[in-house]
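Novice: coords please:
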Amino acid sequence: MGIFSRTRDIIAANFTDLLDKAEDPAKMIRMIIMEMEETLVEVRASAARTIADQKEMRRQIGKLEKLQESWTEKAELALSKDREDLAKAALVEKQKAGDMAESLKAEVAVLDDALRASEADIAKLQAKLREARTRQNAIVSRLESAHNRARMREMYAGTKVDEAFSRFDILERRVDFAEGRADALSLGSPAKTLEEEIAELQASDQVEAELEALKAKRAGNQSQEG
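Specialist: Residues are numbered from 1 along each chain as shown. The predicted structure is shown next:
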C-alpha cells in the first residue's frame, strides 16, 4: 500500500513528520520519491488524454458549424423554390447541429478547467519532488557522516589502535637495541695517555705555524710583484 492515496495527499504532505515517524528515514524518503514520480507520470498521462479529447471535440465542433452553414443554405434554397416545409425541416436540423456544437463547447470548457487544475497539480508535484530529493541528499549525507563517525569511534575505542601502538613499542625497542649494539662496540677501547694527547696538541701547533709561514711567504711574493 502506498504512502499517499491521492495527488492532494502528496501536495499537503509534511515530509518532516513522515521522516520523524519512520524507523528508516532513508528508506522512507526513497518510497516517497518513487510514489511521487509515479503520481506525476499518472497526472501527466491524464492531462495528455484531456488535451487529446479537447482536440477531438474541437474538430467535431468545426464539422457541426459547417453542417449548420450547409442546412442554412438548404433552407434558403427551399424557400427560393417556395418549399417552406423543406426550409423549416432544414432549420430544425441546423438547430440540432447547433445544440450539439454548444454541448461540445461546454464540455471543452469543463476540460479546460480540468487541464488548468492538472497543470497546477503538476507544478506543485514537481516542487514537492524537488523538496523530497533535497531532503534525500541531506539524509544520505547525514547518514554517511554518522557512519564515518561511528567507524572512527570504533577504531579509537577498539583494539586496532592498541595493536598499532604495540607495534610502535616493538619498533622502538628494536631501535634501542640497535643503538645499544653500536654503543657497545666502543666499550673497552683503550683511553689515550697524557703523552698522546700532548703530542696531538704539539702536532696541531706545528701545522698552524707552517700555515702561517706559507701565508707570510705568499704575501711577500705579491708585494714584490706589485
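Novice: domain ranges for this protein, per the record?
Specialist: 7-163, 193-225 (automatic domain parsing).
Novice: okay, those in CSV with distance to R173 and mean pLDDT next?
Specialist: Yep, even glycine has a C-beta here, placed from its N, CA and C like the rest. What follows is the domains of the chain, written out as CSV (distance: least, CB to CB, whole Å; pLDDT from 0 to 100):
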stretch, distance to R173, mean pLDDT
domain 7-163, 16, 86
domain 193-225, 38, 77
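Novice: which one of the ones you listed is the most hemmed in?
Specialist: domain 7-163 (a mean of 14; mean count of other CB atoms under 10 Å).
Novice: hang on, the earlier thing: out of the domains of the chain, nearest to E172?
Specialist: Closest to E172 of the domains of the chain, according to CB to CB: domain 7-163, at 15.2 Å.
Novice: about what we covered before: I'd like the domains of the chain laid out as a markdown table, including distance to R181.
Specialist: Output for the domains of the chain, formatted as a markdown table (distance: least, CB to CB, whole Å):
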| stretch | distance to R181 |
| --- | --- |
| domain 7-163 | 28 |
| domain 193-225 | 28 |
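Novice: contacts only, for K27.
Specialist: The contact partners of K27, by CB atoms under 8 Å, 6 or more residues apart in numbering, come to none.
Novice: that one and K21, how far apart?
Specialist: 13 Å (CB to CB, to the nearest Å).
Novice: again with G220
Specialist: Counting by CB to CB - G220 and K21 are separated by 105 Å.
Novice: report the central residue of the chain.
Specialist: N137 (6.1 Å; CA atoms, centre = their mean).
Novice: which SSE is it in?
Specialist: In this assignment (DSSP states H and E), N137 forms part of helix 84-157.
Novice: just L40 next, same as before
Specialist: Using DSSP H and E, L40 falls within helix 25-80.
Novice: just how off-centre is that helix within its chain?
Specialist: With CA atoms, centre = their mean, to the nearest Å as the basis, helix 25-80 stands 37 Å off its chain's centre.
Novice: then stretch 198-215?
Specialist: 81 Å.
Novice: ok, stretch 108-125 next?
Specialist: Centroid separation for stretch 108-125 versus its chain: 30 Å, with CA atoms, centre = their mean.
Novice: contacts for it?
Specialist: 7, 10-11, 36, 39-40, 43-44, 46-47, 50-51, 53-54, 57-58, 61.
Novice: distance check, R8 against A117.
Specialist: Using CB to CB, R8 is found at 11 Å from A117.
Novice: cool, A26 as well?
Specialist: From A26 to A117 the distance is 34 Å (CB to CB).
Novice: E200 too?
Specialist: 109 Å.
Novice: got it, and L211?
Specialist: Taken as CB to CB, the span from L211 to A117 is 108 Å.
Novice: same check, this time on K128
Specialist: Counting by CB to CB, the gap from K128 to A117 is 16 Å.
Novice: now do V110
Specialist: From V110 to A117 the distance is 11 Å (CB to CB).
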